[in-house]
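A predicted structure for the sequence below; I have some questions about it.
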Amino acid sequence: MTVDIGELLSGSIVLVLLLTILTCVFIWQFLSSSLHRWTQMKPIPGISPSYPLLGNALSLKANARATYYPEMAIVLGAYTLGLLGVSLFVSMLTYATYHLLSSYLHKWREMKPIPEIEGTYPLIGNALQFKANGGDFFRQIIGYTEQFRDSPLLKIWIGPVPFLLLFHAETIETVLNNPVHMDKAYAYKFLQPWLGTGLLTSTGNKWRRRRKLLTPTFHFSILTEFLEVMNEQAEVLVEKLDKVAGKGPFNCFNHVTLCALDIICETAMGKKIYAQSNYDSEYVQCVYKMSDIITRRQRMPWFWPDFFYNYFGEGWEHNRSLKVLHSFTSNSDSESDQGMRKRRAFLDMLLKTTDEEGNKLTHEDIQEEVDTFMFRGHDTTAAAMNWAIHLLGSHPEVQRKVPKGANAIILTYSLHRDPRHFPQPEEFRPERFMPENCVGRHPYAFIPFSAGLRNCIGQRFAMMEEKVILASIFRYFNVEACQKREDLRPLGELILRPEKGIWINLEKRKQQH
């Protein structure tokens, strides 16, 4: 049996309208009756002041025993106020319900022509079909895009909120190049307590001004200053990997991620946190905890309202982690003000940045951007490097033929599987990205750092870091992947991670002198 959402919603709106009319009739009758009684009894002497509907309620003292007013007057005054309050509350609730349903119906009618998956129900959307596990949910979405490969886009509903899945280069180009489409999705709202309204989450004029101010800080000549930090941390990583080389399979995901975290902390804030040697650091734990908490909240619409979320344990844990993260950033900001660091960091450049009128960024502005760099600058890069390690470890012939000085191209997952641009997209073929093989390919067919107006401002930094770390690993070790592609089970969280990490075997390379 098919469900016509339009008919159901139209019926719901009619019902709400009837309830609204009945409520209005009830309130009108109540007001008319009260005003009629008040007019009739006006000639009778009474306590002053006396008002329509409220009576003497405003002049009565809180303690009835301290007055000579009849008890009945107090009861009637309280009754009148209570009844009026309930009536107003019911009216507002009815209006809000009507407004939400009307807006939802309008949205549903507008989007009706867009292809959608089966099993869409009023208000709950496709929620009953979605898998609870992050990995299963991700594979489910990928399955839908394969099912609708010939459609330019696909629509799903998560509760009452529609989402459009874009997986064609032409469609993506239209959206990313349109200056009107600058706002972030509703789900980005849950990043704002942590990241504020910095470069990732801001929109409109604030985003334009901030992007213009920050772009010079990512100039290549400035980024080269961070090579020393990247090489130092890469050496620490190689030393750690050297201890497990030749001893059987191990999960390299955390090793690489902690290395990336050390790099972003020192380059963004000029502060060493020694994450690779101190995984129990409170700051390190809170970074990962916040990512998990935000991901869970995004998938649970009933936790979207702040007033509701903050009363549960998850909300308490969110706020506790938030204090730790913001405190760490604030302390780094203070150290920079006092000139306590030897190396220059992004934070130092932000403190000196001014706009055309000579205005500097406030401490709040700087904290927003540093927190954004911390979030976007380690998790995404670490995930990309881990996927690259798995792919190269699964194809030892590629490890042997990578030419000296070649660029490391990190393959992402979701937008880069269109067989029109990448025949047999599941096969690992790095040569696809050699210059001669890219001729004629749609410019938006491969966008690991997004594209258009809101492309990633830190893509040069990320590519430089990935080259340094991957080159360091493969210079010292032969890598063998221990998992098949189908065993990785990617999790569709804030960052695309494998459910059980990346397991590899390492063997030391014979060093040529």
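On my side now, so go ahead. Residues are numbered from 1 along each chain as shown.

tell me where the stretch 401-513 of the chain has strands.
Taking DSSP state E, counting those that start in this stretch as the test, the strands found in the stretch 401-513 of the chain are 477-481, 490-492, 496-498, 503-508.

mean confidence for the second one?
Predicted confidence along strand 490-492 averages 74 (mean pLDDT).

what's the answer for the last one, then?
pLDDT averaged over strand 503-508 equals 90, rounded to a whole number.

run the chain-centre distance for it.
What separates the centre of strand 503-508 from the centre of its chain is 34 Å, taken as Cα atoms, centre = their mean, to the nearest Å.

so what pLDDT did residue 30 get?
67.

and whichever strand or helix holds residue 268, what does it pack against?
For residue 268, the element it lies in under DSSP states H and E is helix 253-269. Helices and strands touching helix 253-269, by 3 or more Cβ pairs under 8 Å, 6 or more residues apart in numbering; DSSP states H and E, are helix 227-244, helix 282-298, helix 313-337, helix 346-352, helix 363-394, helix 459-476. Quick note: C-beta positions are derived from backbone N, CA and C, even for glycine.

and those: which comes nearest residue 208?
The closest of the helices and strands packed on helix 253-269 to residue 208 is helix 363-394. By Cβ to Cβ, the value is 14.4 Å.

how far off centre is the closest one?
Relative to its chain's centre, helix 363-394 lies at 14 Å (Cα atoms, centre = their mean).

next: stretch 146-164.
Distance of stretch 146-164 from the chain centroid (Cα atoms, centre = their mean) equals 19 Å.

picking up where we left off before, distance to residue 276 for the strands of the stretch 401-513 of the chain - can I get that in a markdown table?
Shown next, in a markdown table, are those (distance: least, Cβ to Cβ, whole Å):
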| stretch | distance to residue 276 |
| --- | --- |
| strand 477-481 | 17 |
| strand 490-492 | 23 |
| strand 496-498 | 19 |
| strand 503-508 | 16 |
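
those: which one's closest to residue 188?
Residue 188 lies closest, by Cβ to Cβ, to one member of the strands of the stretch 401-513 of the chain: strand 490-492, at 15.9 Å.

please work out the average pLDDT along the helix holding residue 268.
On average, helix 253-269 scores 90.

what of stretch 92-100?
The average pLDDT for stretch 92-100 rounds to 77.

go through it and flag the buried ones.
Residues of stretch 92-100 classed as buried by neighbour count (16 or more other Cβ atoms under 10 Å): 94, 97, 98.

over to stretch 139-155?
Using 16+ other Cβ under 10 Å as the test for burial, stretch 139-155 gives 139, 140, 141, 142, 144, 145, 148, 153, 154, 155.

next: stretch 420-428.
Those would be 421, 422, for stretch 420-428 by 16+ other Cβ under 10 Å.

how far does that stretch sit from the chain's center?
Offset of stretch 420-428 from its chain centre (Cα atoms, centre = their mean): 29 Å.

export that stretch to CSV, keeping only CA atoms.
C-alpha atoms of stretch 420-428 as CSV (Å, rounded to 0.1, in the frame of the first residue of the first chain):
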residue,chain,number,x,y,z
ARG,A,420,31.7,8.0,-16.5
HIS,A,421,34.9,9.6,-15.2
PHE,A,422,36.6,6.7,-13.4
PRO,A,423,36.0,3.4,-15.2
GLN,A,424,35.9,0.5,-12.7
PRO,A,425,36.1,2.9,-9.8
GLU,A,426,36.6,0.2,-7.1
GLU,A,427,40.1,-0.6,-8.6
PHE,A,428,43.1,1.3,-7.2
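
run through who's touching that stretch.
The contact list for stretch 420-428 (Cβ atoms under 8 Å, 6 or more residues apart in numbering) reads 169, 391, 394-395, 398, 411, 416-419, 432, 441-442, 445-446, 485.

sorry, back to before: among the helices and strands packed on helix 253-269, show me which one is buried the most.
Sort the helices and strands packed on helix 253-269 by mean neighbour count, taking mean count of other Cβ atoms under 10 Å, and helix 363-394 sits at the top with a mean of 22.

tell me the contacts of residue 477?
By Cβ under 8 Å, 6+ apart, the residues touching residue 477 are 241, 245, 506, 507, 508, 509.

same question for residue 505.
Going by Cβ under 8 Å, 6+ apart, the list of residues near residue 505 reads 248, 249, 479, 480, 482.

quick one: contacts for the closest residue to the third one other than its chain neighbours?
Counting by Cβ to Cβ, 6 or more residues apart in numbering, the nearest residue to residue 479 once its immediate chain neighbours are dropped is residue 393, at 4.0 Å. Remark: with contacts taken as Cβ under 8 Å, 6+ apart, residue 393 is in contact with 399, 479, 480, 481, 504.

just name the closest of the buried residues of stretch 92-100 to residue 318, please.
For these, the nearest to residue 318 is residue 97 (29.1 Å; Cβ to Cβ).

that closest one and residue 104, how far apart?
Remark: distance between residue 97 and residue 104 (Cβ to Cβ, to the nearest Å) = 11 Å.

how about the residue nearest the centre of the chain, nearest residue that isn't a chain neighbour?
By Cα atoms, centre = their mean, the mean C-alpha position of the chain lies nearest to residue 188, the distance being 4.1 Å. Closest residue to residue 188 apart from its sequence neighbours, by Cβ to Cβ, 6+ apart: residue 201 at 5.2 Å.

and the pLDDT at the one you found?
Note on residue 201: pLDDT of 86.

in a strand, it, correct?
No. Checked against DSSP: H, G, I helix; E, B strand; the rest coil, residue 201 lies outside a strand; its state is coil.

hang on, it packs against residue 185?
No. If you go by Cβ atoms under 8 Å, residue 201 and residue 185 don't touch, sitting 10.3 Å apart.

who's more crowded, those two?
Set residue 201 next to residue 185 and count neighbours by other Cβ atoms under 10 Å: residue 201 wins out with 19 against 10.

so what's residue 164 scoring on pLDDT?
Note for residue 164: predicted pLDDT of 81.

cool, and residue 9?
On pLDDT, residue 9 comes in at 44.

could you do the one 5 residues further on as well?
Among the per-residue scores, residue 14 holds a pLDDT of 51.

residue 180 too?
Looking at residue 180, its pLDDT reads 70.

separation between it and residue 169?
Counting by Cβ to Cβ, the gap from residue 180 to residue 169 is 20 Å.

looking at these two, which has the bigger crowd around it?
Ranked by neighbour count (other Cβ under 10 Å), residue 180 and residue 169 place residue 169 first, with 21 against 6.

what's near enough to touch residue 220?
If you count contacts by Cβ under 8 Å, 6+ apart, then residue 220 has residue 460 around it.

scratch that, residue 446
By Cβ under 8 Å, 6+ apart, the neighbours of residue 446 are 416, 421, 433.

got those residues as JSON lines, with pLDDT and distance to residue 385 columns?
Listed next are the contacts of residue 446 as JSON lines, based on pLDDT from 0 to 100; distance: Cβ to Cβ, whole Å:
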{"residue": "416", "pLDDT": "71", "distance to residue 385": "17"}
{"residue": "421", "pLDDT": "79", "distance to residue 385": "24"}
{"residue": "433", "pLDDT": "83", "distance to residue 385": "17"}
